[in-house]
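Engineer: dropping a prediction and its sequence here:
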Amino acid sequence: MPATILVGAQWGDEGKGRVADWLASDSDVVARYAGGDNAGHTVYVGSQVFKLHLIPSGILRERAVCLLGNGTVINPVNMVREIEELRAAGVAVDPQRLMISTRAHIITPAHIALDKASESALGAGKIGTTLRGIGPAYTDKTNRNGLRAGQMADSEAFADALYKHTTTANQRLMRDNAEPIDPHQSAVEYVEAAAKLKPFLCDTSAYINSRLKEGARVLCEGAQGTMLDIDHGDYPFVTSSSPTVGGALTGLGFGAKWVDRVVGVAKAFSTRVGSGPFPTELDGALADRLRGTGENFWDEFGTTTGRPRRCGWLDLIMLKYAADVNGFTELVLTKLDVLSGFDELLIGVGYQIDGTMIHGLPLTTAEQARVTPVYERVPGWHEPLGSVRTWAALPHTARAYIDRISDLLELPIHTVSVGPERDQLVQR
Ligand code: IMP
């Protein structure tokens, strides 16, 4: 059966872009199913670095047709910019290779302003969103008054709808003491971008189903991660979509019978941007060591926001939860090379609250913020891993670290990454 779903197992930024790029080499269709340009997928191809926010990483593989499914939210201006940047870098982006679902929703300037207003009203309790208007766009979708991508096909009607939407949103903005948006200015810029995107619009669900019936291989490229899922993450410190496995079926419109592989991606340690609980979080020198200096794209600074990521040890309780929620058939472990140089590594294997062990994740996010992790200590390694290309060449303690994670999760791990380049994936 021909569909693979790729899902982040942590709080996003697991390195899904590079794993998607690898899996895309064997895929006919690569489809984003949730989220918008809050995502940031960095892919290294030789000396070129591509930072993709909306367009699937599969665009960098000539064979793949790429889709943005109905579950995504699209900022047309940023989408056009991304298309133009890719074209300038020599990547072919045309309606034969890139399709946008008419049922996807549009992110407007008013959504972005509402996101900012809501975050500033929350003050210290803010979610720490990417300020890309994601939450307000999905709010309008579920409130049944959003703008859909299909409306971009008729420029005049789209301009009218955008104007009405902006004037309504302005009432909300003014109520929140925020600056209203100029409805004319936003309409001009958006209508221009919409006209450029019109040729890319189609019924992506019908397209995927017809390709699946022909035997094509489809890769569903997740964005964000399980713990940012609106249902399964640590609410309210989550995004507003479903990055988990079910979101792929809803967000693309095809059935479970086609799925034969669910690939979880986790970093060899943990990171998080934005607010919310992070039981295995480190501070001081250890956190700085995992984060890097910010001099390389590979360092732990957000691709979309540039914010330094919070860093900590691997949390197996959370990964076990992610494995259950998504039904992972395998796990890919990224950034193993970053762990070189530690005498010992810690793996979070249990949670305690007030000295008492609990089973699995706590029932509430408030309790999740109170847990103390119980760690297992395993030997580290000092050899740099960047030039390792075979499993046998990994230090034995690195192999033991991977095997311990695999055993505790009862999940095969046969791929790890040891650097950002395409050839820095090591297979068992
Ligand atoms: P939003 O998706 O911009 O509304 O942000 C909600 C939460 O999800 C915040 O904690 C963000 O930092 C986080 N988030 C959203 N997209 C990503 C991502 O691609 N990587 C990591 N965190 C993300």
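Structural biologist: Looks like it arrived, so ask away.
Engineer: element containing the closest residue to the ligand within the stretch 251-400 of the chain?
Structural biologist: When scored by Cβ to the nearest ligand atom, the stretch 251-400 of the chain has residue 274 as its residue closest to the ligand, at 2.2 Å. Every C-beta, even on glycine, is put in place using the N, C-alpha and C of the backbone. Of the helices and strands defined by DSSP states H and E, none includes residue 274.
Engineer: tally of neighbours for it?
Structural biologist: 21 (other Cβ atoms under 10 Å).
Engineer: nearest spatial neighbour of it, chain-adjacent residues omitted?
Structural biologist: Residue nearest to residue 274 in three dimensions, not counting chain neighbours: residue 128, with 3.0 Å by Cβ to Cβ, 6 or more residues apart in numbering.
Engineer: go on, residue 245?
Structural biologist: The nearest residue in space to residue 245 (Cβ to Cβ, 6+ apart) is residue 326, at 4.3 Å.
Engineer: give the contact list for the one you found.
Structural biologist: 5, 7, 9, 226, 244, 245, 262, 264 (Cβ atoms under 8 Å, 6 or more residues apart in numbering).
Engineer: what pLDDT does the residue of the stretch 251-400 of the chain closest to the ligand get?
Structural biologist: Model confidence at residue 274, expressed as pLDDT, equals 86.
Engineer: is it in contact with residue 129, as I believe?
Structural biologist: Yes - judged on Cβ atoms under 8 Å, residue 274 makes contact with residue 129 at a distance of 6.8 Å.
Engineer: neighbours of the residue nearest to residue 274, how many?
Structural biologist: For residue 128, using other Cβ under 10 Å, the count is 16.
Engineer: any stretches of the stretch 101-250 of the chain with poor pLDDT?
Structural biologist: Judged against pLDDT under 70, the stretch 101-250 of the chain has no low-scoring part.
Engineer: what about the strands in it?
Structural biologist: Counting by DSSP state E, counting those that start in this stretch, the stretch 101-250 of the chain has strands at residues 105-106, 201-202, 218-221.
Engineer: does the last one come close to the ligand?
Structural biologist: No - if you take Cβ under 6 Å from any ligand atom as the test, strand 218-221 misses the ligand, and the best it gets is 12.1 Å.
Engineer: on contacts alone, who are the packing partners of the helix or strand that residue 331 is a member of?
Structural biologist: Assigned by DSSP H and E, residue 331 falls within strand 330-334. For strand 330-334, the elements it packs on are helix 16-24, strand 259-267, helix 396-409, strand 415-417, judged by 3 or more Cβ pairs under 8 Å, 6 or more residues apart in numbering; DSSP states H and E.
Engineer: any buried residues in stretch 230-244, and which?
Structural biologist: By neighbour count on 16 or more other Cβ atoms under 10 Å, the buried set for stretch 230-244 is 230, 232, 233, 234, 237, 238, 239, 240, 241, 242, 243, 244.
Engineer: which of the residues you listed come close to the ligand?
Structural biologist: Restricting those to contacts with the ligand (Cβ under 6 Å from any ligand atom) yields 237, 239, 240.
Engineer: separation between the last one and residue 335?
Structural biologist: If you measure residue 240 against residue 335 using Cβ to Cβ, to the nearest Å, the figure is 27 Å.
Engineer: now do the longest helix along the chain: distance to the chain's middle.
Structural biologist: Counting by DSSP state H, the longest helix found in the chain is helix 155-175. Centroid separation for helix 155-175 versus its chain: 29 Å, with Cα atoms, centre = their mean, to the nearest Å.
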